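Student: My questions concern the predicted model and sequence given below.
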Amino acid sequence: MDYRYVDLFLGINRFVVLAVFFLWIFILTLAFYKERSRKTYLRNLERVKKISSGMCLVENPDKGISRVKVTALKSKNKWKRIEALLVLGYAECSAPENVLREALFCADEDVAYFSMLSLGQVKTRQAAVILLDFLSAHVFSGYRIISLLEEFPAEIAPDVRRAAESEDALSRFWAIKLLSRFPDRGTLSLLGKLAQDSSADVRAAVCECLGVWGYAETRETLVKALKDEAWFVRMHAVRSLYKIAGYECLPDIAPLIRDKSWLVKESVETIMSRHIDEVLPIISECLADYDDNSKFACVNALVNSHHIAQVLQDTLSLFPSQKEHAMELLGNLIKTKFYFGLKKNLGFFSPESRDKLLSIIAEFDNELAGRLRER
Amino acid sequence: MMSWLFFIYFIYFSALMFYYLFLGLIGILEGKRREMEHESEDYSSFAVSNFTIPVSIIVPAHNEETWIKNAVQSLLNLNYPEFEIIVVNDGSTDTTLECLIELLDLEALHNPYMDYFQAGSPASKSGSVYGIYKSKKYAGVKVLSKASGYKKAGAINAGLNFAKYKYVCVMDADTVLEPDALLKVMVHVEKDPDSVIGIGSYFGLSNGFKIENGKILDRSFSYRPIIAYQNLEYIRSFIGNRIAWSRFNASPIISGGFGVWRRDIVMEVGGFSHLYSSEDLEFTFRVRDYLVKNKKKGYKLIMLPYHVGWTHGPGNVAALIKQRNRWQRVMNEVVDSYKHMIFNPRYGSFGLLTAPYFLFYEMLGVFFEFSSLVIAIIGFATGLIQLKIFLTFFCFVVLTQAFISLLYLLTFVRSQNMMSFRYIAYLSALSIFELFWYRWIILIAKIAGTISYMKRIRTHDQFLRTSN
């Protein structure tokens, strides 16, 4: 083989040896420094608070604050700028909103994000208005913005109501979500109007908000929403209606066990399992349907309400109508082929009753009865 | 002939080194950005907000009696407003279920069960769920018992059938999470939940740690070389490559050890697949494939450098080979199944930057490494390669590899505070000697993995876990 390679590699190796050596020294120095400073190393907000006290609150606060504002607006080092922006929010400096607003609409996402966090600390109406305006910019999800705004004092409620009337559907949606933290009967007419909004998200948020508020007079609005074309509106309407009206809303809600959406079914199922006696006819009817998901929800409701043992007990009843209903229900339950804890529930009965029950079960499914008998 | 071969290997190793160097530098920049973000983030308001996105945590557990209590307790200690825990006891033959019953005070539920995802085969009863329990002691904690079958993927899918929240976190049963683990990752989701469909973060090895009741009492990293080298590898993989790939939205994997997925996407792609030796890598590739084929744009898979948890690594050579054998197998399986992504511009930076790496390094790298060794030995024995040439080339490979390792270690040291000076010094010294033994163990495992891939072995081998 050619010895040219040797010279080439020797040259490269020398260079790499030097690089490795310097890198190694650098890492060790850094690790050493980090270990020394580990105990005093302040993280997150503590660090910002420390900086802010150093920059603003010592000796000459006005000069300190103006220096921070200049850094927050003009620094070319992004992270220095962010640090200054955080200081403005956390250090309770006077009137930081304009600086933060300017940074909030900056093209750099990191600068915008931390300005947003900083505004969240200011907690003035002006800061709230800026953040609510920012909702329509769609830079960040409203989740983070409203999680900051929910800690603001209730005096921002009028501004939130104004945002709920925004032309931007997403802003309306997030504003309504936030409104749920500020219950107010005076806002009901606005929510009633928004319940007819063209955006399904907004309509869903209205239903959710009404449920959180719990004002009885909103029941009609929610009953109408049960027929909404969007499944998530129906889901929130079901949940909220139950929060407001309790079991009285069962006649409105129960038919939705046949809803196309399984999340709507699940919400109805949870409510039905709490009031099983009232909904037994609907369940029995639904179990005979073809839709597996509806049957599944009904079986779940029966199991969660611990009603299976009662169904078995009723099949042994001496009252013909009670027995007939129970037999129909048990038959439909068995035909679903879903597991519903039959074996465990049979264990609650005396051997004699169990034998009778097994013969009843055998009428519907001989194989199942045989298996249960074996166990 | 020998010169040509030499030239080919030189090009291959140099290209690889430049690729790593590029990733290392990007990793440093991205790591710095993430660290600054972390330092400035307001977790306290996020942790108490009513508008924090809730998460379903799924923990598949197969014969995990040693670790399951600590893993679940670490979940119970999580500082996060709303989450549910679903532990799936996947056909354990040890006392995993008994440990869970004791810890959680379980009661059996008799609800019906529908398999929306592929959790098991209803015909053969393989993998089917036969027990549903809920904790009497802790709200929102469920345990499912299922027959083994459909591997870890089946267990995760069983958990998915019960998950009710929009985001699901999948983690290993031997992983102990930091109390702020979910906060650290979900804050990034909450910034943009419409785009972020998958997110993961760094987790290291817990070997040597003192852990009680899910809390880490003492973070003493193990000085055993086999563990220390794995720590170095984890740093290289998580802090270097994955962070850099994430910068370009080209992450190839959201690790099964700890990863959060948006459930609608998981449902759309049909859940995790049991047809592969391991599920996480394939799932990430499938999600990417699905997004491109269905023209869904603007989605992000993010990898973060924050330490969110600690997992137990193989403590001996045999266990390490077993684990890496499976990893190699699954890499080959995935590269084979998704070869259409490689150098395909439709897949963006993933197709051009990440997928080729998996072909050239993870799949073909085994052949290059093995053949270079064989040729060097033959050439040296027959006198075709002089000792001086052999040594200079060997030094070149050793030094460049050490340089890359140190570069990644530097990124780690800059942003982390948990390893002591002594341990960092130890790792940096070990990085120079990696090619003298550890690398060969990994090569053996990779060769074994490639052979078993060719033999169409698709088992999810679990190495024997021991306590600290």
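Tutor: That came through fine.
Student: Which residue would be the closest one in chain B to chain A?
Tutor: When distances are taken as CB to the nearest CB, chain B reaches nearest to chain A at residue B:110, 2.5 Å away. C-beta: built from backbone N, CA, C; applies to glycine.
Student: That residue - nearest residue in space that isn't next to it in sequence?
Tutor: In space, residue B:110 comes closest to residue A:341 once its chain neighbours are excluded; the distance is 2.5 Å by CB to CB, 6 or more residues apart in numbering or on different chains.
Student: Name all residues that make contact with the residue of chain B closest to chain A.
Tutor: Residue B:110 makes contacts with A:303, A:308, A:339-341, A:344-345, B:132, as judged by CB atoms under 8 Å, 6 or more residues apart in numbering or on different chains.
Student: out of those, which are buried?
Tutor: The neighbour-count test (16 or more other CB atoms under 10 Å in any protein chain shown) applied to these identifies A:303, A:308, A:339-341, A:345, B:132 as buried.
Student: In chain B, where's the longest helix?
Tutor: Longest helix in chain B by number of residues (criterion: DSSP state H): helix B:2-40.
Student: So which bits of the stretch 351-468 of chain B are right by chain A?
Tutor: The interface of the stretch 351-468 of chain B toward chain A, taken as CB under 8 Å from any CB of the partner chain, is made up of B:379, B:384-386, B:388-389, B:392-393, B:395-396, B:399-400, B:402-403, B:406-407, B:409-410, B:413-414, B:417, B:419-421, B:424-425, B:428, B:432.
Student: Let's see which of the residues you listed end up in helices.
Tutor: By the criterion of DSSP H, membership of those in helices covers B:379, B:388-389, B:392-393, B:395-396, B:399-400, B:402-403, B:406-407, B:409-410, B:413-414, B:421, B:424-425, B:428, B:432.
Student: From these, keep the buried residues only.
Tutor: For those, burial is judged from neighbour counts taken by 16+ other CB under 10 Å, and it is met by B:379, B:389, B:392-393, B:395-396, B:399-400, B:402-403, B:406-407, B:409-410, B:413-414, B:421, B:424-425, B:428, B:432.
Student: rewinding a little: out of the contacts of residue B:110, list just those in helices.
Tutor: Taking DSSP H, the ones among the contacts of residue B:110 that sit in helices are A:303, A:308, A:344-345.
Student: near chain B, from the residues you listed?
Tutor: If you filter the ones in helices among the contacts of residue B:110 for contact with chain B, counting by CB under 8 Å from any CB, you are left with A:303, A:308, A:344-345.
Student: My read is that residue B:73 contacts residue B:179, right?
Tutor: No: with contact taken as CB atoms under 8 Å, residue B:73 and residue B:179 are classed as non-touching, separated by 11.0 Å.
Student: and these two? which has more neighbours close in?
Tutor: Just comparing residue B:73 and residue B:179: by other CB atoms under 10 Å in any protein chain shown the higher neighbour count belongs to residue B:73, 18 against 15.
Student: can I assume the more buried one sits in a helix?
Tutor: Yes: the secondary structure assignment for residue B:73 places it in a helix, going by DSSP: H, G, I helix; E, B strand; the rest coil.
Student: Around chain B, pick out the residues from the stretch 251-375 of chain A.
Tutor: On the criterion CB under 8 Å from any CB, chain B has as its neighbours in the stretch 251-375 of chain A the residues A:266, A:292-293, A:296, A:299-300, A:303-304, A:308, A:336, A:338-341, A:344-345.
Student: How about the stretch 101-250 of chain A?
Tutor: Of all the residues in the stretch 101-250 of chain A, those in contact range of chain B (CB under 8 Å from any CB) are A:110, A:113-114, A:117, A:120-121, A:140-141, A:143-144, A:146-148, A:150-151, A:177, A:181.
Student: Narrow the residues you listed to just the buried residues.
Tutor: Buried members of these, scored by 16+ other CB under 10 Å, are A:110, A:113-114, A:117, A:120-121, A:140-141, A:143-144, A:146-148, A:150, A:177, A:181.
Student: show me where the stretch 201-350 of chain B has helices.
Tutor: With DSSP state H, counting those that start in this stretch as the definition, the stretch 201-350 of chain B shows helices at residue ranges B:225-234, B:243-247, B:263-268, B:280-293, B:317-337, B:348-349.
Student: Can you add distance to chain A, mean pLDDT and mean neighbour count and give these back as JSON lines?
Tutor: Formatted as JSON lines, the entries for the helices of the stretch 201-350 of chain B read as follows, by distance: least, CB to the nearest CB, whole Å; pLDDT from 0 to 100; neighbours: other CB atoms under 10 Å in any protein chain shown:
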{"stretch": "helix B:225-234", "distance to chain A": "12", "mean pLDDT": "93", "mean neighbour count": "20"}
{"stretch": "helix B:243-247", "distance to chain A": "14", "mean pLDDT": "93", "mean neighbour count": "25"}
{"stretch": "helix B:263-268", "distance to chain A": "11", "mean pLDDT": "92", "mean neighbour count": "16"}
{"stretch": "helix B:280-293", "distance to chain A": "19", "mean pLDDT": "95", "mean neighbour count": "20"}
{"stretch": "helix B:317-337", "distance to chain A": "26", "mean pLDDT": "93", "mean neighbour count": "20"}
{"stretch": "helix B:348-349", "distance to chain A": "19", "mean pLDDT": "94", "mean neighbour count": "15"}
